[in-house]
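Q: Sequence and predicted structure, then a few things I'm wondering about:
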Amino acid sequence: MALQIIAPCVNCWACVEVCPNQAIFEALPHFLVDEAKCTECLGDEAEPQCAAICPIEAAIVNELGEALNPYGSLTGIPMGKLIQLGIIRSAL
Amino acid sequence: MDLPVIGNAQAAGGCASGGCGSAPDALAHLPDHIRLKVQDHPCYSEEAHHYFARMHVAVAPACNIQCNYCNRKYDCANESRPGVVSELLSPDHAIRKVLAVAAAIPQMTVLGIAGPGDPLANPSRTFETFRQLSEKAPDIKLCLSTNGLRLPEFADEIAKHNIDHVTITINCLDPRVGAQIYPWIFWNKRRIRGEEGAAILIAQQQMGLEMLVARGVLVKVNSVMIPGVNDQHLKEVSRVVKAKGAFLHNVMPLIAEAEHGTYYGLMGQDSPTSAELQALQDECAGDMAMMRHCRQCRADAVGLLGEDRGAEFTLDKIADMDLDYGAAMAKRKEVREALVEQMAAKRGAPSTQPAMAELAPVGTRPVLMAVAAKNGLVGEHFGHAREFLVYEAAPEGVRFIGHRKVDLYCGGLDSCGEGDAEPESILDKTIAALSGCEAVLCSKVGFEPWGRLEAAGIAPNGEHALEPIEEAVTAVYREMLAAGKLAKPVAARKRA
Ligand code: SF4
Ligand code: SF4
């Protein structure tokens, strides 16, 4: 049971500040979650804290690889625009 | 009491009030104790920003809200934009950098923490930096800029650290407006969207403002002018924040370019034109002191406002510097006292133009002029100017209005012809940025821009090169009057 931080992450530290388990560490090219420490916040918080503050869509995924903040969910920039700009390839 | 007479005699013929027009008056409405506090603060005093330097250190990466004009992915060393920085520093590194800069630039009076995220979303780094600096360089003033979300929580801590200047970015009072600016906030361990989130943010900002004022902390309010979203609303913001005790309100233009990848940039949101910004600033100024010299410096800006020397003080460069902090502080004290004296002397000297004698018959129409300035003089080549200072000349005197930023038209011989932007289109943009101005004063101007400026109704003028700005603007105004150009109103001129 652990979340993962993947490529879109911009190393902004926001998640590090709020993780109740100090499970997130600085790394390059992007920050990482220590699988052994991450509890997905179960028992601590109502929702995973890292995913609740992360400003970047698709930076944090669950064990199935599903983004907790999918494209289009945070910035209000519509999917069509993101596809048109080549930020994402299709509606996934 | 014959001193003023001697002063009069000596000052005759000299420029009395430096580069920034109405500078001393801009803070005149403030009580003395506040004026004393800000007189050598470059970000708050139009006058001081010519003399003193400030720096920001980028120690606060995390943020707890999303603004539609910000993109957290963006980081480019070529771009001078708030919320954008290149080198994230630990508090220890930040302190070394500050001490190195303060030793090299003794005019340095202010350390600010503004980002790249929100300082109060990174409280331990922010306050650790302030704590160490007050210990090692107690002469340097501290300030911070925040979105205000966590301000009530930290108001006591701020007062304790003797941080006497805080800037809050307040873009609205109405959650319906806020929902168009802030898609979400992180609050009480949840991401809260839309009007609900905006309402919390607004309430926290207002409470924070009140709490800081109650604790004697100076508060400035920044607002981003977003046409069609909050432009009309900002007059109300200005009124309310003043009533609550903010001492300055700074309305800044939205910067929205598609290449920045922000929501506004990608969705084609308009930025205000210079004339629209100025009109709103004028309307808000009726309510309170406006800051018109803000250059929207980026979060790691170093140096005098508008001049970024950050590249001289990167971590590897300061690692090799060998510094005597005690001596540096003594030097700063000396330099600061000399500068305060210099400012006082300028202020005290009777002005040779504005208010003393009228520049033109009462009722003569005012004229806007742009100046390519350097060190308070008409000192910059037209093509080298990155910004123009706009002044209004009127019968009552010369008044500083604001800045207009432009792209560099001429990049010098090396880059001529190989730049990615067409000089042509840059010149067009510059001319558009100067709209409303009837003359542009610079040290030199090339043949081609000369013709294009004239065609656009902006008279190029290189005859006052290296003269103090106000003197030059006064002289040009008088020339225009003598030439009969001020007799009738100019058609289609936007309001000043
Ligand atoms: S889910 Fe919770 S425990 Fe896991 S990394 Fe995120 S904040 Fe930390
Ligand atoms: S909050 Fe998101 S973008 Fe920021 S460091 Fe964490 S995972 Fe990366």
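A: Looks like it came in fine. Ligands and ions are numbered 1, 2, ... in the order given.
Q: contacting residues for A:C54?
A: Counting by CB atoms under 8 Å, 6 or more residues apart in numbering or on different chains, A:C54 makes contact with A:9, A:14-15, A:60, A:68-69. Heads up, the C-betas are built off the backbone N, CA and C, glycines and all.
Q: which among those residues are in contact with chain B?
A: Filtering the contacts of A:C54 for proximity to chain B by CB under 8 Å from any CB of the partner chain leaves A:A14.
Q: Specify which member of the contacts of A:C54 is nearest to ligand 1.
A: Nearest to ligand 1 among the contacts of A:C54 is A:C15, at 6.2 Å by CB to the nearest ligand atom.
Q: Run through the neighbouring helices and strands of the helix or strand encompassing the closest one.
A: Using DSSP states H and E, A:C15 maps to helix A:14-18. Applying 3 or more CB pairs under 8 Å, 6 or more residues apart in numbering or on different chains; DSSP states H and E, one finds that helix A:14-18 contacts strand A:24-25, helix A:49-53.
Q: 10 Å instead?
A: The contact analysis (3 or more CB pairs under 10 Å, 6 or more residues apart in numbering or on different chains; DSSP states H and E) places helix A:14-18 against strand A:24-25, helix A:49-53, helix B:123-136.
Q: Could you export stretch B:103-118 as CSV, CA atoms only?
A: Listed in CSV are the C-alpha atoms of stretch B:103-118, where the atom choice follows Å, rounded to 0.1, in the frame of the first residue of the first chain:
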residue,chain,number,x,y,z
ALA,B,103,28.9,42.8,2.1
ALA,B,104,29.3,43.5,-1.7
ILE,B,105,26.3,45.9,-1.9
PRO,B,106,26.4,48.0,1.2
GLN,B,107,23.2,49.8,0.2
MET,B,108,21.3,46.6,0.9
THR,B,109,18.6,47.2,3.5
VAL,B,110,16.0,44.6,3.0
LEU,B,111,15.7,40.9,2.8
GLY,B,112,12.5,39.5,1.6
ILE,B,113,11.0,36.0,1.3
ALA,B,114,8.5,35.8,-1.4
GLY,B,115,8.6,32.3,-2.8
PRO,B,116,8.8,30.6,-5.2
GLY,B,117,5.8,29.2,-3.4
ASP,B,118,4.2,30.8,-0.4
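Q: does that stretch come close to chain A?
A: Yes - Stretch B:103-118 reaches chain A (CB under 10 Å from any CB of the partner chain) through B:116-118.
Q: now, among those, which is nearest to B:P61?
A: B:G117 (5.0 Å; CB to CB).
Q: Need the three-state assignment for the spatially closest residue to that closest one that is not a sequence neighbour.
A: Nearest residue to B:G117, sequence neighbours excluded (CB to CB, 6 or more residues apart in numbering or on different chains): B:C63, at 3.6 Å. Recorded secondary structure, B:C63: coil (DSSP: H, G, I helix; E, B strand; the rest coil).
Q: give the contact list for B:C63.
A: Contact analysis of B:C63 by CB atoms under 10 Å, 6 or more residues apart in numbering or on different chains lists A:12-14, A:53, A:55, B:70, B:72, B:83, B:115-122, B:147, B:149, B:185-186.
Q: Okay, and which of these map to helices?
A: A:14, A:53 (DSSP state H).
Q: Dead centre of chain A: give me the residue that sits there.
A: A:I60 (2.1 Å; CA atoms, centre = their mean).
Q: That one and B:A482: what is the separation?
A: From A:I60 across to B:A482, the span is 69 Å (CB to CB, to the nearest Å).
Q: Ok, A:L74 next?
A: 61 Å.
Q: hang on, the earlier thing: torsion angles phi and psi at the residue nearest to B:G117?
A: phi -130, psi 160 (degrees, to the nearest 10).
Q: any idea how far B:E463 is from it?
A: For B:C63, the distance to B:E463 - CB to CB - is 49 Å.
Q: quick revisit: quick one: which of the residues of stretch B:103-118 next to chain A has the lowest pLDDT value?
A: Lowest in pLDDT among those is B:P116, which has 82.
Q: circling back: of all the contacts of A:C54, which two lie farthest apart?
A: A:A14 and A:L68 (13.8 Å).
Q: And those two? Which one has more around it.
A: A:A14 (28 against 19; other CB atoms under 10 Å in any protein chain shown).
Q: Nearest residue to that one in space, please, no chain neighbours.
A: Excluding its sequence neighbours, the residue lying closest to A:A14 (CB to CB, 6+ apart) is B:A62, at 3.9 Å.
Q: List phi and psi for the residue in the stretch 351-496 of chain B positioned nearest to ligand 1.
A: Distances between the stretch 351-496 of chain B and ligand 1 by CB to the nearest ligand atom are smallest at B:K405, namely 40.7 Å. Main-chain dihedrals, B:K405, degrees, to the nearest 10: phi -80, psi 150.
Q: Please report how far it lies from chain A.
A: For B:K405, the distance to chain A equals 26 Å [CB to the nearest CB, to the nearest Å].
Q: do the same with B:N147
A: Taking CB to the nearest CB, one finds B:N147 at 13 Å from chain A.
Q: number of nearby residues for that residue?
A: B:N147 has 26 nearby residues by other CB under 10 Å.
Q: The one 10 residues further on now?
A: The local packing count at B:E157 equals 14, with neighbours defined by other CB under 10 Å.
Q: how far away is the closest residue to it other than its chain neighbours from B:D156?
A: Leaving out its chain neighbours, the residue that sits closest to B:E157 by CB to CB, 6+ apart is B:F127, at 6.3 Å. Using CB to CB, one gets 12 Å for the distance from B:F127 to B:D156.
Q: neighbour count winner among these two?
A: Counted by other CB under 10 Å, B:F127 and B:D156 do not tie: B:F127 has more neighbours, with 21 against 11.
Q: Can you give me the separation between the more buried one and B:L120?
A: Taking CB to CB, one finds B:F127 at 9 Å from B:L120.
Q: ok so, going back, A:L74 and B:A482: which is more packed in?
A: Neighbour totals were compared for A:L74 and B:A482, and A:L74 leads with 20 against 10 (other CB under 10 Å).
Q: Give me the phi and psi for that one.
A: phi -110, psi -40.
Q: Quick one: low-confidence residue ranges for the stretch 351-496 of chain B.
A: Along the stretch 351-496 of chain B, the parts satisfying pLDDT under 70 run over B:351-357, B:408-424, B:488-496.
Q: what about the helices in it?
A: With DSSP state H, counting those that start in this stretch, the ranges of helices along the stretch 351-496 of chain B come out as B:423-433, B:447-455, B:469-482.
Q: What are the buried residues along the last one?
A: Spelled out, it's helix B:469-482. By neighbour count on 16 or more other CB atoms under 10 Å in any protein chain shown, the buried set for helix B:469-482 is B:469-477, B:480-481.
Q: Alpha carbons of that helix, in CSV - could you do that?
A: Once non-C-alpha atoms are left out, helix B:469-482 reads as follows in CSV (Å, rounded to 0.1, in the frame of the first residue of the first chain):
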residue,chain,number,x,y,z
ILE,B,469,14.6,63.4,-15.8
GLU,B,470,12.3,66.0,-14.4
GLU,B,471,14.3,68.9,-15.8
ALA,B,472,14.2,67.3,-19.2
VAL,B,473,10.5,66.6,-19.0
THR,B,474,9.9,70.1,-17.9
ALA,B,475,12.0,71.5,-20.8
VAL,B,476,10.2,69.4,-23.4
TYR,B,477,6.8,70.4,-22.0
ARG,B,478,7.8,74.0,-22.3
GLU,B,479,9.1,73.5,-25.8
MET,B,480,5.8,71.9,-26.7
LEU,B,481,4.0,74.9,-25.2
ALA,B,482,6.2,77.4,-27.1
